[in-house]
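# Whatever this is, show me its structure:
(one chain, ligands or ions: 2)
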Amino acid sequence: MSASDPDCIFCAIAAGEAPAEIIDSDEHTVTLLDINPATKGHALVIPRAHTEDLMSIGEEELCHTAVAAQRAAKRMEETLQPDGFNVINACGVAAWQTVFHFHLHVVPRFTDDPLELPWVPSPGDPEEISATARRIRGED
Ligand code: 5GP
Ligand code: ZN
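Residues are numbered from 1 along each chain as shown. Ligands and ions are numbered 1, 2, ... in the order given. Next up, the predicted model:
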């Protein structure tokens with residue numbers, strides 16, 4: 001991890017060198033509105049320090065970013081009065097990450113908004129779920 005990446009748009013925004021609609025900031029984070037909003041108020045919470053993704057961000061920076069996401073959600077609850085929120089992180093190209101500076105999406109949700117769950121819930125095979133859990137716990 002380096003403090004700043006000269007080719008990173010979010011580093012430029014955090015440094016005040018690229019324009020953004022910033023709604024909150026503190027010593028560790030900047031929160032701005034997404035230029036391609038999924039819903040009204042869709043925000044991105046970024047740590048000021050450049051780090052690529054969930055795998056590489058340090059625990060303290062992650063905590064600061066999560067706390068700032070909660071603060072943004074609370075502020076939007078008071079002002080935009082949404083019916084709920086999704087807090088989303090994309091880690092890796094396969095998971096739809098497009099900007100490789102860690103960020104949390106804070107997406108205000110409205111009962112009549114057009115967003116849909118990106119998977120169809122259906123019961124999994126219990127044995128397969130158990131086998132996967134054993135694998136993740138390192139038992140296999
Ligand atoms: P990801 O796809 O990595 O999870 O999210 C990146 C997000 O950053 C996208 O939703 C995209 O619309 C947003 N984004 C990309 N470039 C800019 C920019 O220059 N300014 C702002 N405000 N948002 C951006
Ligand atoms: Zn960056």
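
# So which residue is smack in the middle of the protein?
residue 104 (1.5 Å; CA atoms, centre = their mean).

# Give me the phi and psi for that residue.
Backbone geometry at residue 104, expressed as degrees, to the nearest 10, gives phi -110, psi 130.

# Quick check: beta-bridge partners of it?
The partner list for residue 104 in beta bridges (DSSP bridges) reads residue 45.

# tell me the contacts of it?
44-45, 65-66, 69, 87-89 (CB atoms under 8 Å, 6 or more residues apart in numbering). All C-beta spots, glycine's among them, are computed from the backbone N, C-alpha and C.

# one more time with 10 Å, if that's ok
Each residue near residue 104 by CB atoms under 10 Å, 6 or more residues apart in numbering is listed here: 29, 31, 43-47, 54, 62, 65-66, 68-70, 72, 87-90.

# What of residue 101?
Contacts for residue 101 were tallied using CB under 10 Å, 6+ apart; they are 4-5, 8-14, 44, 46-47, 49-53, 57.

# ok, now how distant is residue 90 from ligand 1?
Noted for residue 90: a distance of 3 Å to ligand 1, by CB to the nearest ligand atom, to the nearest Å.

# Kindly report the same for residue 93.
For residue 93, the distance to ligand 1 - CB to the nearest ligand atom - is 9 Å.

# burial measure for that residue, as a count.
Here the number of neighbours of residue 93 (other CB atoms under 10 Å) works out to 9.

# Verify the stated contact: it with residue 100.
Yes - with contact defined as CB atoms under 10 Å, residue 93 and residue 100 form a contacting pair (9.2 Å).
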